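[1] Quick one: sequence plus predicted model below, questions after.
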Amino acid sequence: MRHRRQILASLVAAVLTASISFVVMQTSPAQAHGVTMVPGSRTWLCYQDGLRANGSIEAYNPACAAAIAANGTTPLYNWFAVLRSDAGGRTTGYIPDGQLCSGGTGGPYNFSAYNATRTDWPLTHLTTGANIQFRHSNWAQHPGTFYLSITKQGWSPTTPLAWSDLTDFASVTNPPVSGGPGALNYYYWNAQLPTGRSGRAIIYIRWVRSDSNENFFSCSDVNFDGGNGEVTGVGPNQTPPPSPSVSASASRSPSASPSASRSASASPSPSASASSSPPPTGGGACTATYALTNSWSNGPTSGGFQGGVTVRNNSTSATLNGWTVKATFANGQTVTQSWDSVYSQSGGVATFTNASHNPTIAPSGTRTFGFLANWTGSNTAPSLTCTSP
């Protein structure tokens, strides 16, 4: 009898241990959420810069390449995960000066190299005083407030970013979203940029959750030179960064690609399901690269998927004015929706042209668009061609 009681006690202890372990595993914090996509944060634009057709990451931009050499590619596959799970809204003195862009050193991934004081990070070109639409990835979706700050006029990108360099200029709580959590969906809101600005700056955005202690951090390098949201320093044709003394002019708004909805995921890496088109060919005005961002099954032989396309201006001096991408699908895939483009389809060829708000691409710059489609049987990547009028 005593022996049976000992066995029973051991079984109960094992069950309790397993139950506790299960609870601990189920309540561990998610490791991926979101950073700013417009104006693009360092991790988002370096991911865009380095992602190749075969799913690998090999940077063109020298600042991104240096960050990869220091921290590896894992942070860029998790570009949306610059976070601290123990922040609780704290900022000054909690994240040390010089570590603002990485959110300090206590996050799930090592983003320390993205604090580097360099002048060649990818840049978004803006106009002082413009009212623009900000976009922030909602890889995982939470209630909370976005706090927008900017470096003071005269700040130099060769100095470490400190709290004393920043001035708050806007905030927004629980803004709308472009679609469900995951992939390239985002929160969006409009805000007016500070007036009287010229030259280089960092726009620093903190997303403070209201339902947990998690905070998220984004450093977006911008240049106030009369730009319309164009991005430079991304892609194979690198150009020297503009002088910080360049002055600003006309007022317009930037744009970037949204995405359609998908079911939430705690911390997936884009590399886990990425599938890309063959390397673009030809030396024309533009090239296009495809990546599969999500797919799902409706049964053993059919389903749907979400694709993203990056259009690159191959010129280092001329602005591209209008673009058309033809995607040839070999397996009868059918496009059902697109965003930041206008599409039509005939047979296996889907044609995407620029939308009214994004026809121009700056020298060496990029635009992105996305689409939803159905597949039957198999879902191989399309071949792409890109032309410009």
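    That came through, no problem.

[2] going forward, measure contacts and count neighbours with C-alpha atoms only.
    Will do.

[3] which residues in this structure form helices?
    2-27, 42-50, 62-71, 74-77, 270-273 (DSSP state H).

[4] Find the nearest non-adjacent residue to Ser378, please.
    Using CA to CA, 6 or more residues apart in numbering and skipping the chain neighbours, the partner closest in space to Ser378 is Asn331 (6.4 Å).

[5] What residues does that neighbour make contact with?
    Applying CA atoms under 8 Å, 6 or more residues apart in numbering to Asn331 gives the contacts 348, 375-380.

[6] what do you get if the cut-off is 10 Å, keeping everything else the same?
    With contact set as CA atoms under 10 Å, 6 or more residues apart in numbering, Asn331 has these partners: 348, 375-382.

[7] Torsion angles phi and psi at it?
    phi -120, psi 20 (degrees, to the nearest 10).

[8] Gly347 versus that one, what's the distance?
    Distance of Asn331 to Gly347, given as CA to CA, to the nearest Å: 10 Å.

[9] what's the answer for Ala285, then?
    Per CA to CA, Ala285 is found 26 Å from Gly347.

[10] do the same with Thr117
    Note on Thr117: its distance to Gly347, by CA to CA, is 51 Å.

[11] quick one: which of those two has more around it?
    Taking other CA atoms under 10 Å, Thr117 and Gly347 do not tie; Thr117 has more neighbours (16 against 11).

[12] Excluding chain neighbours, what is closest to that one?
    Spatially, and ignoring its direct neighbours in sequence, Thr117 is nearest to Thr158 (4.8 Å; CA to CA, 6+ apart).

[13] Contact partners for that neighbour?
    Applying CA under 10 Å, 6+ apart, the residues near Thr158 are 116-119.

[14] and if we set it to 8 Å?
    Contacts of Thr158 (CA under 8 Å, 6+ apart): 117-119.

[15] Same check on Ser56?
    By CA under 8 Å, 6+ apart, the residues touching Ser56 are Gly50.

[16] again, but for Gly144
    173-174, 207-211.

[17] one more time with 6 Å, if that's ok
    By CA atoms under 6 Å, 6 or more residues apart in numbering, Gly144 lies in contact with 173-174, 208-210.

[18] any idea which of those residues is closest to Thr128?
    Within those, proximity to Thr128 (CA to CA) peaks at Thr173, which comes in at 23.8 Å.

[19] confidence score at the residue lying closest to the closest one once chain neighbours are set aside?
    Nearest non-adjacent residue to Thr173, counting by CA to CA, 6+ apart: Thr145, 4.1 Å away. pLDDT, Thr145: 94.

[20] quick one on the thing from earlier: from the contacts of Gly144, list just the buried residues.
    For the contacts of Gly144, a burial check counting by 16 or more other CA atoms under 10 Å picks out 208-210.

[21] Could you dump those into a markdown table with pLDDT and distance to Asn185 added?
    Formatted as a markdown table, those follow (pLDDT from 0 to 100; distance: CA to CA, whole Å):
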| residue | pLDDT | distance to Asn185 |
| --- | --- | --- |
| Val208 | 92 | 19 |
| Arg209 | 90 | 18 |
| Ser210 | 90 | 21 |
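
[22] residue ranges with poor pLDDT in the stretch 201-350 of the chain?
    Counting by pLDDT under 70, the ranges of the stretch 201-350 of the chain that qualify are 237-283.

[23] roughly how far apart are the nearest residue to Ser149 once chain neighbours are set aside and Asn174?
    Counting by CA to CA, 6+ apart, Ser149 lies nearest to Asp168, which is 4.0 Å off, once chain neighbours are set aside. As judged by CA to CA, Asp168 and Asn174 stand 18 Å apart.

[24] Just give me how far stretch 58-70 sits from the chain centre.
    In terms of CA atoms, centre = their mean, to the nearest Å, the centre of stretch 58-70 is found 17 Å from the chain centre.

[25] residues making contact with it?
    By CA under 6 Å, 6+ apart, the residues outside stretch 58-70 that reach it are 46, 49-50, 113, 120-121, 235-236.

[26] got the CA positions of it in CSV?
    Below are the C-alpha coordinates for stretch 58-70, written out as CSV (Å, rounded to 0.1, in the frame of the first residue of the first chain):
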residue,chain,number,x,y,z
GLU,A,58,23.1,40.3,-48.5
ALA,A,59,23.2,44.0,-48.1
TYR,A,60,24.0,46.5,-50.8
ASN,A,61,23.9,49.5,-48.4
PRO,A,62,27.3,49.8,-46.5
ALA,A,63,25.7,50.8,-43.2
CYS,A,64,23.3,47.8,-43.4
ALA,A,65,26.3,45.6,-44.4
ALA,A,66,28.2,46.7,-41.4
ALA,A,67,25.3,46.0,-39.1
ILE,A,68,25.0,42.5,-40.6
ALA,A,69,28.7,41.9,-40.1
ALA,A,70,28.3,42.9,-36.4
